[in-house]
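K.L.:
Structure, please.
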Amino acid sequence: MQSFRTEIENPIVERDIIELANKIELFNNGKIDEEKFRSLRLARGVYGQRQEGVQMIRIKLPYGKVKSNQLRRIAEVSDEYSRGRLHITTRQDIQIHYVDLNRTPELWAELERDDVTLREACGNTVRNITASELAGIDVNEPFDVSPYADAMFRFFLRNPICQEMGRKFKVSFSSSDDDTGLSYMHDLGFIAKIKNGVRGFKVMIGGGLGSQPRHADVLYEFLPSDKIIPVMEGVLRIFDRHGERKSRAKARMKFLIKDIGLEAFKELVTSEQNAIEFKSVPIDAQAYEASKPITITAIPKVEIKDQKAFETWKSTNLIPQKQEGYVAIGIKVLLGDFYTDKARLLADLVENYAAGELRLTLRQNIVIPFVKHDLIPFFYQELEKLGFVEAGYNKAVDITACPGTDTCNLGIASSTGIAAELERVIKAEYPQYLNNQDLVIKISGCMNACGQHNMANIGFQGMTVRTPDKLVAPALQVLLGGGNLGDGNGLFADKVAKVPSKRGPEALRRILDDYEANANGKKFVDYYKVTGERYFYDLLNDLQDVTNLTQNDFIDWGNDQEYVKEIGIGECAGVVIDLISTLFLESEEKIENAKEAFNHKVYSSAIYHAYSSMVNSAKALLLAEDKKTNIHAGIISQFDEFFVENGLINLGVSFSELIYQINKQSPSKEFASKYIENATDFLQKVRTYREAETLSGKAV
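P.N.:
Below is the predicted model of the structure:
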């Protein structure tokens with residue numbers, strides 16, 4: 001551990017990394033429960049992989065912006081700790097696979113040398129805040145949303161109110177009414193607006209994909225920009241307190257909004273503002289370090305050998321930019337995978353001839369902003385050397401796919417293998433789609449929708465089919481009719497048919513052939529509205545027949561072995577420990593965190609740490625009595641009912657009155673001090689009760 005302590009300038013980050021190293025050691029020695037350790041490492045970007053004994057590391061890159069020095073650092077880390085491959089996700093992160101768990105602290109320390117973090121890239125936290133990849137250069141944007149996404153990322157990173165929520169929380173920013181940030185499918189989505197000369201956002205809430213996609217509701221038609229952080233803090237506090245915690249399938253924001261209703265939720269968020277320290281958080285967009293192109297004094301001479309290929313590439317991969325004299329270049333990255341040798345050369349190229357940065361996109365691609373018009377031939381030449389000039393950026397031929405069964409624990413069928421095959425089919429048989437940006441195809445290896453299949457025009461989801469004689473083959477659920485309509489509006493695709501995976505290309509051919517023959521110029525979304533689910537079901541129905549499968553149907557795309565359904569490989573199990581004692585120790589840690597925040601005069605954080613300690617302590621006793629502990633509000637009410645009202649524990653007041661001071665008092669120094677004292681006394685009382693029960697032999 002000593003090797004990385006002195007190299008980290010930020011003492012808070014240094015402590016986080018040392019804590020991770022200590023927790024790994026405790027886990028390896030059987031001192032931490034497996035579930036608790038999983039939660040801890042996920043919040044630090046360390047994710048279990050399908051292959052036993054290795055981890056996937058997710059690097060958090062807010063709104064997809066990567067500076068050239070950061071890309072070099074990521075490449076160096078990938079070479080040292082992994083296999084030199086980088087994977088771009090649909091949330092603008094970079095993932096590195098096949099990492100030894102014990103080396104993750106030093107890996108993290110290396111990344112931090114260039115201000116790259118793993119913190120809260122996974123787990124039940126605020127995940128990477130995404131944004132339109134063209135933010136700052138978008139010809140249609142009313143203003144650059146980057147400073148606002150950046151401010152929100154920094155405000156909520158390590159914020160105590162969102163460290164241990166019931167489930168993950170996803171946020172996006174869209175630079176214009178085109179809604180390229182896909183606000184309608186996020187827990188919170190922000191669309192840039194200007195009203196009466198004031199910058200602000202249309203705010204969407206409660207969207208999501210997964211097995212039960214839900215369209216987000218409009219929380220505010222217009223919210224001034226200085227209110228977005230206080231509102232999000234209120235939303236997170238309510239989600240933390242009232243959100244489901246036991247059933248993962250029901251633990252997202254969309255289910256909470258559905259259960260209590262939009263207006264009731266909005267009232268809770270409004271009343272919660274009493275407990276929030278900053279009622280207004282102005283964001284100084286002028287102070288933000290915006291992208292700036294370097295000065296080019298000489299244009300390198302270039303001779304283009306294949307002029308036709310160059311012209312095709314220009315027609316599909318150049319993006320207009322609002323800054324005069326510049327364009328952005330879109331790089332189509334097959335399946336989001338590229339290697340560190342190319343990453344380094346790309347970093348050098350943008351540093352020497354553009355603005356020294358890249359943008360990762362929601363479709364797993366790369367954008368280079370601020371390329372001078374005169375440098376377009378030169379960039380084509382240099383990118384061609386890297387194999388980065390495939391035409392069709394963000395067009396129909398540009399298929400999005402999650403890693404699926406390649407590395408993901410949850411993958412059911414190969415998404416990367418079928419994606420590569422479908423791209424081959426389109427290029428070979430439907431070349432006209434090379435320049436079609438209205439048709440969007442996306443693939444996920446399971447229902448969790450990391451490939452965003454259920455918001456695509458044509459989507460495929462990994463599944464299985466079973467033959468009459470009980471044989472299992474990989475399959476694809478075909479979904480049709482999804483799409484982004486703009487300004488917070490979208491459609492989710494219908495499940496139309498389920499076909500064996502090897503029939504996926506034929507399903508695509510039939511859909512495209514029908515569309516070509518009958519759409520009469522309509523966009524696919526509009527054509528699907530006219531034809532409907534039943535029409536396409538009939539079109540594909542015979543492909544669903546599993547009575548006539550061949551041996552080839554039992555081998556998934558990209559594989560040569562017969563398919564075996566295997567959803568994940570279990571991680572190493574820890575020894576059985578006293579969970580109640582562990583929760584009490586965590587409550588102690590939370591109180592220490594509260595005292596530290598108090599000493600730094602961050603009273604709102606101190607109060608929330610104390611609140612978390614009290615909930616955690618109450619949860620410990622309820623678990624000992626085999627009571628439900630899946631919602632914070634439920635823990636509080638049940639503790640009153642079982643322990644306080646029955647006279648088992650005397651608090652002087654109800655537990656509800658004690659703990660709910662948090663949303664009735666402003667976060668002052670005096671209240672923070674008293675609330676920490678309340679949490680300390682409460683922990684002592686529940687511990688005393690637990691010890692007495694243990695001595696009497698009543699405790700389980």
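K.L.:
Next up, the contacts around the residue nearest to Gly136 when sequence neighbours are not counted.
P.N.:
Once flanking residues are discounted, Gly136 sits nearest to Asp144: 4.2 Å by Cβ to Cβ, 6 or more residues apart in numbering. In short, each C-beta sits where N, CA and C put it, glycine included. Asp144 makes contacts with Ala135, Gly136, Ser175, Ala285, Tyr288, Ala290, as judged by Cβ atoms under 8 Å, 6 or more residues apart in numbering.
K.L.:
can you check Ala328 too?
P.N.:
Counting by Cβ under 8 Å, 6+ apart, Ala328 touches Leu134, Ile137, Leu318, Ile319, Pro320, Gln321, Val367, Ile368, Pro369, Phe370, Val371.
K.L.:
now Ala594
P.N.:
Listed by Cβ under 8 Å, 6+ apart, the contact partners of Ala594 are Ser605, Ala606, Ile607, His609, Ala610, Ser613, Ala672, Ile676, Ala679.
K.L.:
rewinding a little: farthest-separated two in the contacts of Asp144?
P.N.:
Comparing all pairs in those by Cβ to Cβ, the longest separation belongs to Ser175 and Tyr288, at 14.3 Å.
K.L.:
Which one of the two is surrounded by more residues?
P.N.:
Shown here are Ser175 and Tyr288; by other Cβ atoms under 10 Å, Ser175 has more neighbours (28 against 15).
K.L.:
right, and the more buried one touches Lys193 too?
P.N.:
No - assessed by Cβ atoms under 8 Å, Ser175 is found out of contact with Lys193, at 11.0 Å.
K.L.:
Make JSON lines out of the contacts of Ala328 and add neighbour count.
P.N.:
Converted to JSON lines, the contacts of Ala328 look like this (neighbours: other Cβ atoms under 10 Å):
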{"residue": "Leu134", "neighbour count": "25"}
{"residue": "Ile137", "neighbour count": "24"}
{"residue": "Leu318", "neighbour count": "18"}
{"residue": "Ile319", "neighbour count": "19"}
{"residue": "Pro320", "neighbour count": "12"}
{"residue": "Gln321", "neighbour count": "19"}
{"residue": "Val367", "neighbour count": "21"}
{"residue": "Ile368", "neighbour count": "23"}
{"residue": "Pro369", "neighbour count": "25"}
{"residue": "Phe370", "neighbour count": "24"}
{"residue": "Val371", "neighbour count": "25"}
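K.L.:
For Ser581, state which of those is nearest.
P.N.:
For those, the closest approach to Ser581 (Cβ to Cβ) belongs to Val367, at 50.9 Å.
K.L.:
That closest one looks like it's in a strand, true?
P.N.:
Yes - assessed with DSSP: H, G, I helix; E, B strand; the rest coil, Val367 lies in a strand.
K.L.:
who's in contact with it?
P.N.:
Contacts of Val367 by Cβ under 8 Å, 6+ apart are Glu133, Leu134, Ile319, Ala328, Ile329, Gly330, Ile331, Leu358, Arg359, Leu360, Thr361.
K.L.:
Now it. Nearest residue, chain neighbours left out?
P.N.:
Arg359 (4.2 Å).
K.L.:
Looking at the one you found now. What's its pLDDT?
P.N.:
For Arg359, the model assigns a pLDDT of 97.
K.L.:
residues in contact with it?
P.N.:
Tyr63, Gly64, Lys65, Val66, Gln92, Glu133, Leu134, Ile366, Val367, Ile368, Pro369.
K.L.:
what would those look like in CSV with pLDDT?
P.N.:
As requested, the contacts of Arg359 are exported to CSV (pLDDT from 0 to 100):
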residue, pLDDT
Tyr63, 96
Gly64, 96
Lys65, 97
Val66, 97
Gln92, 96
Glu133, 96
Leu134, 97
Ile366, 98
Val367, 98
Ile368, 98
Pro369, 98
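K.L.:
Nearest to Ala473, out of those residues: which one, please.
P.N.:
Minimum distance to Ala473 across these is 34.4 Å, recorded for Gln92 (Cβ to Cβ).
K.L.:
Let me know how buried that closest one is, in neighbour terms.
P.N.:
Gln92: 24 surrounding residues under other Cβ under 10 Å.
K.L.:
In contact with it, which residues are there?
P.N.:
Counting by Cβ under 8 Å, 6+ apart, Gln92 has contacts Leu61, Tyr63, Gly64, Asn128, Thr130, Ala131, Glu133, Arg359, Leu360, Thr361, Leu362.
K.L.:
three-state assignment of it?
P.N.:
From three-state DSSP, the assignment for Gln92 is coil.
K.L.:
quick one on the thing from earlier: I'd like the contacts of Ala594 as TSV, with secondary structure, neighbour count and distance to Ser211 appended.
P.N.:
What follows is the contacts of Ala594, written out as TSV (DSSP: H, G, I helix; E, B strand; the rest coil; neighbours: other Cβ atoms under 10 Å; distance: Cβ to Cβ, whole Å):
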residue	secondary structure	neighbour count	distance to Ser211
Ser605	helix	22	35
Ala606	helix	28	39
Ile607	helix	30	37
His609	helix	27	35
Ala610	helix	33	37
Ser613	helix	27	35
Ala672	helix	25	42
Ile676	helix	21	42
Ala679	helix	27	38
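K.L.:
Roughly how far does Lys60 sit from Leu157?
P.N.:
Distance of Lys60 to Leu157, given as Cβ to Cβ, to the nearest Å: 8 Å.
K.L.:
shared neighbours of these two, anything?
P.N.:
Taking Cβ under 8 Å, 6+ apart as the criterion, Lys60 and Leu157 both touch Thr117, Arg119, Glu120.
K.L.:
How about the contacts made by Lys523?
P.N.:
By Cβ under 8 Å, 6+ apart, the residues touching Lys523 are Asp438, Gly483.
K.L.:
what do you get if the cut-off is 7 Å, keeping everything else the same?
P.N.:
Residues counted as contacts of Lys523 (Cβ atoms under 7 Å, 6 or more residues apart in numbering) are Asp438.
K.L.:
can I get the contacts of Val367 in a markdown table with distance to Thr547 and secondary structure?
P.N.:
Conversion of the contacts of Val367 to a markdown table gives the following (distance: Cβ to Cβ, whole Å; DSSP: H, G, I helix; E, B strand; the rest coil):
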| residue | distance to Thr547 | secondary structure |
| --- | --- | --- |
| Glu133 | 46 | coil |
| Leu134 | 49 | coil |
| Ile319 | 49 | strand |
| Ala328 | 51 | strand |
| Ile329 | 50 | strand |
| Gly330 | 45 | strand |
| Ile331 | 45 | strand |
| Leu358 | 50 | strand |
| Arg359 | 49 | strand |
| Leu360 | 45 | strand |
| Thr361 | 42 | coil |
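K.L.:
Could you point out which of the residues you listed is nearest to Asn124?
P.N.:
Comparing these against Asn124 with Cβ to Cβ places Leu360 closest, at 23.7 Å.
K.L.:
Just give the number of residues close to that closest one.
P.N.:
Neighbours around Leu360, by other Cβ under 10 Å: 27.
K.L.:
roughly how far apart are it and Leu543?
P.N.:
Distance, Leu360 to Leu543, by Cβ to Cβ: 35 Å.
K.L.:
Which pLDDT value does the model give Leu621?
P.N.:
If you check Leu621, the pLDDT there is 91.
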